[in-house]
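Student: Sequence first, predicted model second:
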Amino acid sequence: KLILLDSLLQEISDYIMLVHRLCGGGSLSTLSPLRSLTPRLTSPHIRYNSTDSDKPAPTKSGPLEKMFGLASNTASPSTNRWAMFAPAFCTHVCLGAPYGWSAISAQLTRENGLVASAASDWALDLASYPMSVMIAAGGISAAVLGKWTIKVGVRKSLAIGGLLYGAGFCVASAGVAQHNVGLMYAGNLLCGIGYGCSYTPPIQALIDWFPDRKGLAGGIVIAGFGSGALFFTPMMNMLTNKFLSLPTYLGNSLDIVVEGGKQFARVGGELQEVVYATSGELLKLPYEGLAEGFYVVGSGNTGVSAAMAAIGAMYAATVVTSAMVIKRPAPGYLPPGFTPPPTAAGSGANVHVDNLFKTPQFWFLFSTSTLLATGGMGLMSVAKPMIQSVFADSMPALVTTSFASAYLMALAAGNLSGRLGWAAISDKIGRRNTFHIYTLGSIPLFGCLPYLIGQCVSNPTGPLAPVYLAAFCGSTVAAISILGGTFAVLPAYEADLYGPKYVGAIHGRFLLAATVSTIVGPGLLLNLRKVSESQALADLLSKVDPSIFASKFGVDISSAPTLIEAKTLTISKLMTIMPEGTVDPSPFLYNNTMYTMAGLVSVGAMLHFMVRPVNQKYFEKE
């Protein structure tokens, strides 16, 4: 009765106050006797059977707040926890688009020339780094915004992240259309911020739903991220073909003027820049009906810009829709029949995120994860152009543009299967043993690649050549599965070491490993490749006949550096005038990179042996 009277008096008081204010009244001192009853009725001597003290503070009203506010995050008891995989997985499929970036990186190097790189076109490194920008910005954003995502809830952080992510693709699209690399990178950066807002909340939600299967829950969600290229690659291929316009063909024999390394031809009474595409280069292109010869620069369109805008809109719609569906369980949720195991720490179950950097386990596991991911990130950044550069010239009937796209999708499938398979395995054998397999297994995977390339290229028509090619593809897919498995198992490994309470924010800190590896991996690979390419060009120029060179390119061989800078002179073009029996160095440009990756993983293996359980002093006290 006292409880009912207390509630009734409070409602009467609030109602009178509201009516008085609406009527423009002043102070309501007459309510003071009525209000004075409330503290007496709420005296600590009176026992309550209700849980009013646990009710959340009043929140803002409105349709957006009802849809994405904190109150909307908590699921009802009847919610099927397995249904939460759908929005979480779809979100991560969208966020995993950077893994498929190499599907368009080669096209970006021919945005103006289209059939071959023009002088104004971007180099392969500039066209490949957007993957690094997006994943690096995403890792940093996830670390910085980790506490914010917990504060605003999974729904709001996903909705905001999805809008930023889609908008980033549209800005990058404008950068490609205007051929402004800074604007494209700004769009990639915006994508990364959106990715940082959206990455960890679904993982945290699913780990909360599945405390009995943390490894599987984290693995399935992050598998979506690893499979992003499975959607991005075919969708971008379809969209770019839809928006494509081929360049103007001028013929195979023209009077060419060379200025500043660029080639010009007279078209309609005016000199226009042209590029020459060899038959070998045309075989690597996804276009039909093209003939060897000269094409007018800027007369065609790869369709990449329009395709990026379209796919950005798809991604934004998907992530925002997922935000409307996903929910977290009520605090303290345990699935039927599950009893949480006692904590190994004894005095507390969780390490607060503020203490994370104080633990040596973070630095050992962070370094191991970074070194493991570096090689895989490098492979993913150049997968499609790499497979064509290494094998297309020696095995043109087999390694076509379709094969290159299928190879990229196979890597994406390896990323996906690694995230699912290794996560399930880690639940059986433990996270530490799983990481030992990663580090020790990656060494031979990277180390054997130069040997497989050499065996395949040295006798491309032999009966074992397809076997060596299959072994190369299988080894790289296995290496990518370890990349995916590393990030799939990390959340559960973090929960094992630090407790599950702050795993969302803690994982945001560990995502900095992805940031470092996505910068170091592609950067190391592309720079080592550039050094090897420069050495190969210098070696070929020392063997070519100067008179034949002058006849082919219209300038003396001493002008070769200018031609190289303008992209007029490449290894493939130079090979057309080399003496019989000259070995094409293109397949071996990545050898030094592969050996370097094997060495880095060896260091990671040693560091991981130093990961031990976290000291009890870092855990929260109960």
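Tutor: That came through, no problem. Computed from a predicted structure; not experimentally measured.
Student: Name the nearest residue to V296, sequence neighbours excluded.
Tutor: Once flanking residues are discounted, V296 sits nearest to T248: 4.3 Å by C-beta to C-beta, 6 or more residues apart in numbering. To be clear about C-beta, it is placed using only N, CA and C from the backbone, and glycine gets the same treatment.
Student: so that neighbour touches V297, yeah?
Tutor: No - using C-beta atoms under 8 Å, T248 is not in contact with V297, being 9.6 Å away.
Student: Looking at these two, which is more packed in?
Tutor: Relative neighbour count places V297 above the other of T248 and V297, with 25 against 14, counting by other C-beta atoms under 10 Å.
Student: W422 against G219, yeah?
Tutor: Yes - under the criterion of C-beta under 8 Å, W422 makes contact with G219 at 7.1 Å.
Student: The two: who's more crowded?
Tutor: G219 (29 against 25).
Student: The more buried one contacts I425, doesn't it?
Tutor: No - in this structure, G219 is not within contact of I425 by C-beta under 8 Å, at 9.4 Å.
Student: Show me whatever sits in contact with both of these two.
Tutor: Overlap between the contact sets of G219 and I425, as judged by C-beta atoms under 8 Å, 6 or more residues apart in numbering, is nil.
Student: before we move on, back to that, can you tell me how far the residue nearest to V296 sits from S299?
Tutor: 4 Å (C-beta to C-beta, to the nearest Å).
Student: Alpha carbons only: can I get stretch 602-613 in PDB?
Tutor: In PDB, the C-alpha atoms belonging to stretch 602-613 read as follows (Å, rounded to 0.1, in the frame of the first residue of the first chain):
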ATOM      1  CA  SER A 602      59.600 -16.800 -37.700                       C
ATOM      2  CA  VAL A 603      60.000 -13.900 -35.400                       C
ATOM      3  CA  GLY A 604      56.300 -14.000 -34.600                       C
ATOM      4  CA  ALA A 605      56.600 -17.700 -33.700                       C
ATOM      5  CA  MET A 606      59.300 -16.900 -31.100                       C
ATOM      6  CA  LEU A 607      57.200 -14.000 -29.600                       C
ATOM      7  CA  HIS A 608      54.100 -16.100 -29.200                       C
ATOM      8  CA  PHE A 609      55.900 -18.700 -27.000                       C
ATOM      9  CA  MET A 610      56.200 -15.800 -24.500                       C
ATOM     10  CA  VAL A 611      52.400 -15.400 -24.100                       C
ATOM     11  CA  ARG A 612      51.300 -16.600 -20.600                       C
ATOM     12  CA  PRO A 613      48.200 -16.100 -18.500                       C
END
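Student: which outside residues touch that stretch?
Tutor: Contact with stretch 602-613 is made by 344-345, 360-361, 364-365, 367-368, 370-372, 432, 435-436, 439-440, 442-443, 497, as judged by C-beta under 8 Å, 6+ apart.
Student: Tell me which residues of it come out buried.
Tutor: Across stretch 602-613, burial judged by 16 or more other C-beta atoms under 10 Å covers S602, G604, A605, L607, H608, V611.
Student: where does the stretch 201-350 of the chain dip in pLDDT?
Tutor: 342-348 (pLDDT under 70).
Student: Oh, that last question was meant for the stretch 501-622 of the chain, not what I typed.
Tutor: If you take pLDDT under 70 as the line, the stretch 501-622 of the chain has these spans: 622.
Student: switch the cut-off to 50
Tutor: Scanning the stretch 501-622 of the chain for pLDDT under 50 picks out nothing.
Student: Which stretches in it count as helices?
Tutor: Assigned helices in the stretch 501-622 of the chain, in chain order: 503-510, 512-541, 546-553, 560-565, 571-575, 591-608 (criterion: DSSP state H, counting those that start in this stretch).
Student: Among those helices, show me which one is buried the most.
Tutor: Burial of the helices of the stretch 501-622 of the chain is given as mean neighbour count (mean count of other C-beta atoms under 10 Å); helix 503-510 ranks first at a mean of 26.
Student: Now do that helix: distance to the chain's middle.
Tutor: Between the mean C-alpha location of helix 503-510 and the chain-wide mean there is a distance of 17 Å, by C-alpha atoms, centre = their mean, to the nearest Å.
Student: Give the other helices and strands that it contacts.
Tutor: Secondary-structure packing of helix 503-510 (3 or more C-beta pairs under 8 Å, 6 or more residues apart in numbering; DSSP states H and E): helix 124-144, helix 146-152, helix 200-209, helix 360-381, helix 465-498.
Student: For my notes, please list those helices in CSV and give mean neighbour count and distance to E292 for each entry.
Tutor: What follows is the helices and strands packed on helix 503-510, written out as CSV (neighbours: other C-beta atoms under 10 Å; distance: least, C-beta to C-beta, whole Å):
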stretch, mean neighbour count, distance to E292
helix 124-144, 24, 22
helix 146-152, 19, 54
helix 200-209, 26, 50
helix 360-381, 25, 30
helix 465-498, 24, 26
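Student: Which one of the ones you listed lies nearest to F85?
Tutor: helix 200-209 (6.9 Å; C-beta to C-beta).
Student: Skip the chain neighbours and tell me the closest residue to S517.
Tutor: Distance criterion C-beta to C-beta, 6+ apart; nearest residue to S517, sequence neighbours excluded, is A373 at 3.7 Å.
Student: meant to ask about H608, not that
Tutor: Nearest non-adjacent residue to H608 (C-beta to C-beta, 6+ apart): T368, at 4.3 Å.
Student: tell me the contacts of the one you found?
Tutor: Listed by C-beta under 8 Å, 6+ apart, the contact partners of T368 are F435, T439, G604, A605, L607, H608, V611.
Student: Repeat the analysis, applying 6 Å as the threshold.
Tutor: By C-beta atoms under 6 Å, 6 or more residues apart in numbering, the contact list for T368 reads G604, L607, H608.
Student: quick one: which of the buried residues of stretch 602-613 is nearest to A492?
Tutor: Among these, and counting by C-beta to C-beta, the member closest to A492 is V611, at 14.1 Å.
Student: For that closest one, grab phi and psi.
Tutor: phi -80, psi 120 (degrees, to the nearest 10).
Student: Kind regards, and thank you for your time.
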